[in-house]
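> coords please:
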Amino acid sequence: MATLTTQLCGWGRYPVHTCELERPDRYRDFHPGAVPAIARGRGRSYGDAALNQNGRVLLSERLNRFLAFDRERGVVRAEAGLTLEELLAVAIPRGWFPAVTPGTRYASLGGCVAADVHGKNHHRDGSFGDHVLGLELILADGNRLPCSPQEHPDAFWATIGGMGLTGLIGEVTLRLAPLESAHVVVQHRPARDLEQMFHLLEEPSFDDHYTVAWVDCLAAGRDLGRGIAMAGHHAAPDELPSALRAIPLEHRPQRRHSLPFDLPGRVLNPWTVRAFNALYYRRQGGKGRFLAGYESFFYPLDGLLHWNRMYGKRGFLQYQCAIPTAEAFQGIKALLERLAASRRPSFLAVLKRFGPQGRGLLSFPTAGYTLALDLPLRDPGVFALLDELDRTVLVHGGRVYLAKDARLSPAAFRAMYPRYPEWLEIKRALDPEGSFSSSLSRRLAMGEEE
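Okay, the predicted model is just below:
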């Protein structure tokens, strides 16, 4: 198979590594070799999880076929390269929706499995892996291993959240959730500070099937943690206006725009972000209850193609952490205080409540709260800041999300993921020669015990 050696990056555009690309048309075209390989879907992980410096990257975009769809049960079987966008186009008209979806519809099924992605409903429905009924794992020797919670469960739970390092994910069998309409009933409520924000996210009368919050990271002092709590659920037919009740599964597609060039790095600075945050807080906080299309609620950033160009040519680092319930308020408060003091603007900051610990051995979610930040890569000082945030997260018993990481240390990784030794034992049994490797796995020394 022809290969192409080129420079490649994740969605954050940092780091940039030289990789040897292969684009197979069929899984049978995959031939393990001496060069370590990692699969890559549509490149929506932020750091180096789908990069392989001086190694092979297997592009799965042509491995995107539907294999079966049980319309009565809402069970789909497809190749791992199928994107959520492609799945939605088939599932929604038939009355089904992904039980869990991340914030972009351009992610592939294989990527969703490898990162065990979560959505706005983790506190109710868990993560993506909780709805995967089975996988086909293609091992380095070419053998295909069917695995599920019942069949080869060790391999299954090492692969869910395993960052593509146990083998090439082939087929995915996924259970969907029933859907009555393509619209969402949304409610926005402003929170004046972090204490009120936590209260809103835990208040039963406000909580809904999907709950999330936007946080103004430049707010400090008595305004620390102010933001907008957002809750929503799929609209029932009787919640739709009369014009939509006859066609509940139809919707007007989201208008998509594109950012055709890199913005100068100075555009996103404390003053411009502060002005945007103040405007957003006023406008979104006053919306109250309204009806929205599913695209604008679940995938707001997908409406601006190439939005990562906002951060300029240097790119940005996304930092997402989870902190257990007992420590969540104090931990998130400490992170926001340090971030506000740094005067490094996070253009986007999202706070969500997590349900139980993910069952994958390296799954990120843990019962508590998660905070996600976007930090422009303006100078090396951002790395020192994130090292400080790591220490705060560890003090409060938390962890960092590997799918969005580009600079975590091996020691911090091991402290954050206590089931790593279990995962490593299974990884070595499935891939004894270390044929599946990535820039992330080598940076974190994921083939080593200590």
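
> For the rest of this, base every contact and every neighbour count on C-alpha atoms.
OK.

> Neighbours of residue 399, how many?
Number of residues near residue 399 (other CA atoms under 10 Å) recorded here: 24.

> got a list of what it touches?
Residue 399 is in contact with 321, 322, 323, 364, 393, 413, 416, 417, counting by CA atoms under 8 Å, 6 or more residues apart in numbering.

> Can you say which two of those are spatially most distant?
For those, the farthest-apart pair by CA to CA is 323 and 413; their separation is 14.5 Å.

> how far does the strand ranked longest in the chain sit from the chain's center?
Using DSSP state E, we find that the single longest strand of the chain is strand 168-178. With CA atoms, centre = their mean, to the nearest Å as the basis, strand 168-178 stands 17 Å off its chain's centre.

> Now do the buried residues in that strand.
Using 16 or more other CA atoms under 10 Å as the test for burial, strand 168-178 gives 168, 169, 170, 171, 172, 173, 174, 175, 176, 177, 178.

> Can you tell me what sits against the helix or strand that it is followed by?
Where DSSP states H and E defines the elements, the next helix or strand beyond strand 168-178 is strand 183-191. By CA under 8 Å, 6+ apart, the residues outside strand 183-191 that reach it are 197, 200, 226-235, 239, 248-249, 251, 281, 284-294, 297.

> so residue 216 touches residue 223, yeah?
No: counting by CA atoms under 8 Å, residue 216 stays clear of residue 223, with 9.0 Å between them.

> Between these two, which has more neighbouring residues?
The neighbour comparison of residue 216 against residue 223 (other CA under 10 Å) goes to residue 216, with 29 against 16.

> among the helices and strands of this structure, which has the poorest mean pLDDT?
Ranked by mean pLDDT, DSSP states H and E, the weakest helix or strand in the chain is helix 270-285, scoring a mean of 87.

> okay, the angle between that one and strand 183-191?
On the basis of axes from the mean of the first three to the mean of the last three CA atoms, to 10 degrees, helix 270-285 is oriented at 120 degrees to strand 183-191.

> for residue 91, what are its contacts?
Listed by CA under 8 Å, 6+ apart, the contact set of residue 91 reads residue 97.

> So it versus residue 437, what's the distance?
As judged by CA to CA, to the nearest Å, residue 91 and residue 437 stand 34 Å apart.

> that older thread, check the offset of the least confident helix or strand of the chain from the chain's centre.
Helix 270-285 sits 25 Å away from the centroid of its parent chain (CA atoms, centre = their mean).

> go on, stretch 192-208?
Using CA atoms, centre = their mean, the offset of stretch 192-208 from its chain centre is 23 Å.

> can you check stretch 318-331 too?
On the basis of CA atoms, centre = their mean, stretch 318-331 sits 16 Å off its chain's mean C-alpha point.

> One more: stretch 151-161?
Stretch 151-161 sits 20 Å away from the centroid of its parent chain (CA atoms, centre = their mean).

> So which bits of it are buried?
Neighbour-count burial for stretch 151-161 [16+ other CA under 10 Å]: 154, 155, 156, 157, 158, 159, 160, 161.

> and what of stretch 181-201?
181-194, 196-198, 200-201.

> So for stretch 371-386, what gets flagged as buried?
Under the neighbour-count criterion of 16+ other CA under 10 Å, stretch 371-386 has 371, 372, 373, 374, 375, 376, 377, 378, 382, 386 buried.

> how far does that stretch stretch from start to finish?
13 Å.

> returning to that earlier point: go through the buried residues of stretch 151-161 and flag which are in helices.
Of the buried residues of stretch 151-161, the ones assigned to helices by DSSP state H are 154, 155, 156, 157, 158, 159.

> Name the secondary structure element that contains the closest residue to the first one other than its chain neighbours.
Same thing as residue 154. Leaving aside its sequence neighbours, residue 154 sits nearest to residue 426 (CA to CA, 6 or more residues apart in numbering; 7.0 Å). Following DSSP H and E, one finds residue 426 within helix 420-430.

> Can you check which helix is longest in the chain?
Counting residues, the longest helix in the chain under DSSP H turns out to be helix 325-342.

> ok, residues contacting the helix or strand just after that helix?
Downstream of helix 325-342, the next assigned helix or strand under DSSP H and E is strand 349-354. By CA under 8 Å, 6+ apart, the surrounding residues in contact with strand 349-354 are 120, 122-123, 126, 201, 211-217, 365-374.

> what do you get if the cut-off is 6 Å, keeping everything else the same?
For strand 349-354, contacts defined as CA atoms under 6 Å, 6 or more residues apart in numbering pick out 122-123, 212-215, 367-373.

> quick one: which of these has the most company?
Sorting the contacts of strand 349-354 by how many neighbours each has (other CA under 10 Å) puts residue 215 first, at 29 neighbours.

> Quick check: residue 136 vs residue 426, distance?
For residue 136, the distance to residue 426 - CA to CA - is 16 Å.

> So between the two, which is more surrounded?
Per other CA under 10 Å, whichever of residue 136 and residue 426 has more neighbours is residue 136, with 21 against 18.

> Next, the contact list for that one, please.
Neighbouring residues of residue 136 by CA under 6 Å, 6+ apart: 145, 146, 170, 171.

> Of these, which is the nearest to residue 40?
For those, the nearest to residue 40 is residue 170 (12.2 Å; CA to CA).

> Quick one: residues contacting that closest one.
By CA under 6 Å, 6+ apart, the residues touching residue 170 are 79, 80, 136, 137.

> Could you turn the buried ones of those residues into a PyMOL selection?
The PyMOL command for the buried members of the contacts of residue 170 (criterion: 16+ other CA under 10 Å) is given here:
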select buried, resi 79+80+136+137
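
> could the contacts of residue 170 go into CSV alongside pLDDT and secondary structure?
Converted to CSV, these look like this (pLDDT from 0 to 100; DSSP: H, G, I helix; E, B strand; the rest coil):
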residue, pLDDT, secondary structure
79, 98, strand
80, 97, coil
136, 97, strand
137, 97, strand
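
> What is the most widely separated pair among the contacts of residue 170?
Maximum pairwise distance among the contacts of residue 170 (CA to CA): 11.2 Å, between 79 and 137.

> where exactly do the helices run in the stretch 351-450 of the chain?
Secondary structure of the stretch 351-450 of the chain (DSSP state H, counting those that start in this stretch): helices located at 381-395, 410-416, 420-430, 439-443.
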